[in-house]
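> take this sequence and fold it.
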Amino acid sequence: MFRRGGGRHGCNAAWSDSSPVSSPDRDGAFTMVDSGHGDSLSVSTVEVPLTPHSHPPAALLPMPLYPLSQPLRVAFTASRTANFAPGNLDQPIVFDQLHSNLGEMYDAHIGRFTCPVNGTYVFIFHILKLAINVPLYVNLMRNEEVMVSAYANDGAPDHETASNHAILPLFQGDQVWLRLHRGAIYGSTWKYSTFSGFLLYQE
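Numbers count the residues shown, from 1 in each chain. So this is what the prediction gives:
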């Protein structure tokens, strides 16, 4: 066998090709050639441009832009600033002071939140018991149905708290409110007794 570019060698001599292993592209990225010394290859490099110049950049097509719809904002927090001891069972609790009422869906005159759209809502309440020897029962109502309840009583005439919360699926027009099943509520300008709700997801 013959070594290209050299003399005759033994039969076990390896074949070495002195022709270019790879040819450079138009940008002259790199070239690999045989050095002529044994089987080793030498590599010469040329700086490669980051942006090819052979193809112009593609033109951007015009895209219509539409304004994003604003999400519906529904949230309220109300508090009770005066004692509430009705003397009768199952009375609606009216929270007379509003601290926020985004969407204007809580009616402070009747103490009811009216659902504006189908969706999932969150409600939280915290009630301070009047210091009398009567247990406190509070119901969170959806229309006329009890959703969750809270209870406070240690058998002594002292202040205690009752609280709970619920995540409720509601339909437009549903009403959510608090009902005092039994007992009396302590009200104060320090706002111990509160009721809050907000829209979590709109359907």
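
> what ranges do the strands span in the protein?
30-34, 41-45, 75-80, 91-92, 97-102, 106-107, 112-114, 119-128, 136-142, 145-152, 161-170, 175-182, 193-202 (DSSP state E).

> make TSV out of those strands and add distance to residue 69.
Every residue, glycine included, has its C-beta placed from N, CA and C. Shown next, in TSV, are the strands of the chain (distance: least, Cβ to Cβ, whole Å):
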stretch	distance to residue 69
strand 30-34	54
strand 41-45	55
strand 75-80	18
strand 91-92	35
strand 97-102	17
strand 106-107	24
strand 112-114	22
strand 119-128	15
strand 136-142	28
strand 145-152	30
strand 161-170	21
strand 175-182	26
strand 193-202	11
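
> now mean neighbour count and mean pLDDT too, for these, in CSV please.
Shown next, in CSV, are the strands of the chain (neighbours: other Cβ atoms under 10 Å; pLDDT from 0 to 100):
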stretch, mean neighbour count, mean pLDDT
strand 30-34, 15, 45
strand 41-45, 11, 48
strand 75-80, 21, 98
strand 91-92, 14, 97
strand 97-102, 14, 97
strand 106-107, 21, 98
strand 112-114, 20, 98
strand 119-128, 20, 98
strand 136-142, 21, 97
strand 145-152, 14, 97
strand 161-170, 16, 97
strand 175-182, 20, 97
strand 193-202, 19, 97
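
> I'd like to know which of these is closest to residue 62.
strand 193-202 (32.2 Å; Cβ to Cβ).

> the closest one pairs with which strands, and in what direction?
strand 75-80 (antiparallel), strand 119-128 (antiparallel) (DSSP bridges).

> good, wrapping up.
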